[in-house]
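Novice: Below is the sequence, then the predicted model.
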There are 2 protein chains.
Amino acid sequence: MQGNLKLITNKHKTMKRIYLIALASLVISAKAMSQETKAVHGYTYGTSQIAKSPFTLEELKLLEQSMLFTDEDVKYLKMSHDILAGQTDAILDVWYGFVGSTPQLVYFFGNKTTGKPDGEYLAKVRGRFKMWILQTAEANYDQNWLNYQYEIGLRHYSTKKNKTDNAPSVPIINYRYIPALTIPVITTLKPFLAKTGASAADVEKMNAAWLKSVLMQSILWGQPYMKKGEF
Amino acid sequence: MQGNLKLITNKHKTMKRIYLIALASLVISAKAMSQETKAVHGYTYGTSQIAKSPFTLEELKLLEQSMLFTDEDVKYLKMSHDILAGQTDAILDVWYGFVGSTPQLVYFFGNKTTGKPDGEYLAKVRGRFKMWILQTAEANYDQNWLNYQYEIGLRHYSTKKNKTDNAPSVPIINYRYIPALTIPVITTLKPFLAKTGASAADVEKMNAAWLKSVLMQSILWGQPYMKKGEF
């Protein structure tokens, strides 16, 4: 009886421990999820909310070849990841500074009635922009990545513009400005690539890889703007 | 009588001289025209055959600002003109070599029935491609230049693809490959910029200006692919 009771008590204690561990991890993961949701509003990369890209990985490979994007570029993008990871806020300050001071660009973040830049919208996009820096540098250009490029395209196009952030803004980003932004992005990125002691040659190669990747992504984002067979 | 005869003879001689000069210049200009037509088939830059671009010079200025294209870029493009002018054939050999060895690119010069590259079509385009190098380097980005960008766009799109050269080729160039080619163009151009003794710093700046100009042009060529208000 005493033995049985001890066994039950022990069993109970074990159950209680398991229960507490489960509860704790639930609380932790809920908190993590809430933080992630808070930090990266609308960031649905790799989730079931993202449709499959109509552009295939085979077509991506052919596009990469046409723009001399090779394994070396992947290597240098990956090298840039840890260099940039700690500087994303400073980088975004520069990019937002540029967009904010260029009326024809900040227009796309403007309230469609008043024309004034929508602070909340800009802030929500910024969280995803940070993830985009890290993702570009991770350079895992697989099906999940490709699907998310299509999603980003839809969010620039009238299909999904404003929807993710419930923003009261203009209905579309004119495509011409998307590949154009490749230049300020890579130009202003270069000093950040150099900031943590990489050699000048490595900085050049990282920057060249970024040029190719950003241009390639801006091309992919154009898909919703064009008819099937013309893109 | 003798005097009159002399006068008539002199008059005749003068007339004959004028006639010969006129004939000679006619022959020379006909030869020049035939050479030009032969060399630059379908090159209608600045002529009345070109429609006005629906994209305005004011919009071009805003696009330039968005891609940090400045007077300094114009200066370095102009600097590249005389460096490249004597090397256009060698440059085109490299570019045609790249396109020719990349099946997804040479496809657009292929016979739509047999799929085989159309030599005549490739040769005709090459003449205009040479003029494009010089034009890009001249960097007179005025209304004539803007109008011709629209014409180039139409010639990539189904509107005018094949028409200028009466080519039996595929009906459109898929847009994604157009801005993509910015990378091989500027990558392979760099050694040519360095070949005539410019300083390394000048070569970098010329190449950076070329990057901006080629990307900007490839963006402008996208206009026919998109709806008004979405481009």
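Specialist: Everything's here; your move.

Novice: tell me the phi and psi of A:P117?
Specialist: When read as degrees, to the nearest 10, the backbone of A:P117 gives phi -60, psi 140.

Novice: count of residues packed around it?
Specialist: 17 (other Cβ atoms under 10 Å in any protein chain shown). To be clear about C-beta, it is placed using only N, CA and C from the backbone, and glycine gets the same treatment.

Novice: beta partners for it?
Specialist: A:G110 (DSSP bridges).

Novice: B:K52 versus that one, what's the distance?
Specialist: The gap separating A:P117 from B:K52 is 34 Å, by Cβ to Cβ, to the nearest Å.

Novice: A:I50 now?
Specialist: According to Cβ to Cβ, A:I50 stands 42 Å off from B:K52.

Novice: neighbour count winner among these two?
Specialist: For A:I50 and B:K52, the more surrounded residue by other Cβ under 10 Å is A:I50, and the numbers stand at 15 against 10.

Novice: Name all residues that make contact with the more buried one.
Specialist: Going by Cβ atoms under 8 Å, 6 or more residues apart in numbering or on different chains, A:I50 touches A:T44, A:N144, A:N147, A:Y148, A:Y150, A:E151.

Novice: What about those, which one has the most neighbours?
Specialist: A:Y148 leads the contacts of A:I50 on contacts (other Cβ under 10 Å) with 22 neighbours.

Novice: which residue packs closest to A:K163, ignoring adjacent ones?
Specialist: Distances taken as Cβ to Cβ, 6 or more residues apart in numbering or on different chains put A:R155 closest to A:K163, at 7.4 Å, once the chain neighbours are dropped.

Novice: Can I get the helix or strand containing that neighbour in CSV? Just the C-alpha atoms.
Specialist: Taking DSSP states H and E as the criterion, A:R155 maps to helix A:143-156. Extracted as CSV, the C-alpha positions of helix A:143-156 are listed here (Å, rounded to 0.1, in the frame of the first residue of the first chain):
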residue,chain,number,x,y,z
GLN,A,143,10.8,26.7,-53.5
ASN,A,144,9.8,28.5,-50.2
TRP,A,145,12.0,31.4,-51.2
LEU,A,146,10.5,31.4,-54.8
ASN,A,147,7.0,31.3,-53.5
TYR,A,148,7.6,34.2,-51.2
GLN,A,149,9.0,36.3,-54.1
TYR,A,150,5.7,35.9,-55.8
GLU,A,151,3.9,36.9,-52.6
ILE,A,152,6.1,40.0,-52.4
GLY,A,153,5.3,40.8,-56.1
LEU,A,154,1.5,40.5,-55.3
ARG,A,155,2.0,42.9,-52.4
HIS,A,156,3.5,45.5,-54.7
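
Novice: ok, back up a step: which of the contacts of A:I50 sits closest to chain B?
Specialist: Of all those, chain B sits closest to A:Y150, with 13.0 Å by Cβ to the nearest Cβ.

Novice: how about that closest one, what does it touch?
Specialist: Listed by Cβ under 8 Å, 6+ apart, the contact set of A:Y150 reads A:I50, A:A51, A:S53, A:P54, A:F55, A:L220, A:Q223, A:P224.

Novice: Spit out the contact partners of the spatially most central residue of chain A.
Specialist: Per Cα atoms, centre = their mean, the C-alpha nearest to the average position across chain A is that of A:W132, at 2.6 Å. Applying Cβ under 8 Å, 6+ apart to A:W132 gives the contacts A:I152.

Novice: Only the buried members of the contacts of A:Y150: can you turn that into a PyMOL selection?
Specialist: Per 16 or more other Cβ atoms under 10 Å in any protein chain shown, the buried members of the contacts of A:Y150 correspond to this PyMOL selection:
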select buried, chain A and resi 53+55+220+223+224
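
Novice: residues from chain A in reach of chain B?
Specialist: Contact residues (Cβ under 8 Å from any Cβ of the partner chain) of chain A with chain B: A:62-63, A:65-69, A:102, A:104-105, A:157-158, A:172, A:174-177, A:179-184, A:187, A:211-212, A:215-216, A:218-220, A:222-223, A:225-227, A:229-231.

Novice: Narrow those residues to those in helices?
Specialist: Under the assignment DSSP state H, these contribute A:62-63, A:65-66, A:104-105, A:177, A:179-180, A:182-184, A:187, A:211-212, A:215-216, A:218-220 to helices.

Novice: Separate out the buried members of these.
Specialist: Buried members of these, scored by 16+ other Cβ under 10 Å, are A:62-63, A:65-66, A:105, A:177, A:179-180, A:182-184, A:187, A:211-212, A:215-216, A:218-220.

Novice: Could you tell me the end-to-end distance of stretch A:150-167?
Specialist: In stretch A:150-167, first residue to last residue: 20 Å (Cα to Cα, to the nearest Å).

Novice: tell me the average confidence for that stretch?
Specialist: On average, the pLDDT along stretch A:150-167 is 98.

Novice: ok now it, how far from the chain's centre?
Specialist: 14 Å (Cα atoms, centre = their mean, to the nearest Å).

Novice: what does stretch A:64-81 give?
Specialist: Averaging C-alpha positions (Cα atoms, centre = their mean) puts stretch A:64-81 18 Å from its chain's average.

Novice: what does it rub up against?
Specialist: The set of residues external to stretch A:64-81 that reach it, using Cβ under 8 Å, 6+ apart, is A:134, A:136-139, A:141, A:193, A:198, A:202, A:205-206, A:208-210, A:212-213, A:215-216, B:102, B:104-105, B:177, B:180-184, B:187.

Novice: Go again with 6 Å.
Specialist: A:A137, A:A139, A:L193, A:K205, A:M206, A:A209, A:K212, B:L105, B:Y177, B:A180, B:I183, B:P184 (Cβ atoms under 6 Å, 6 or more residues apart in numbering or on different chains).
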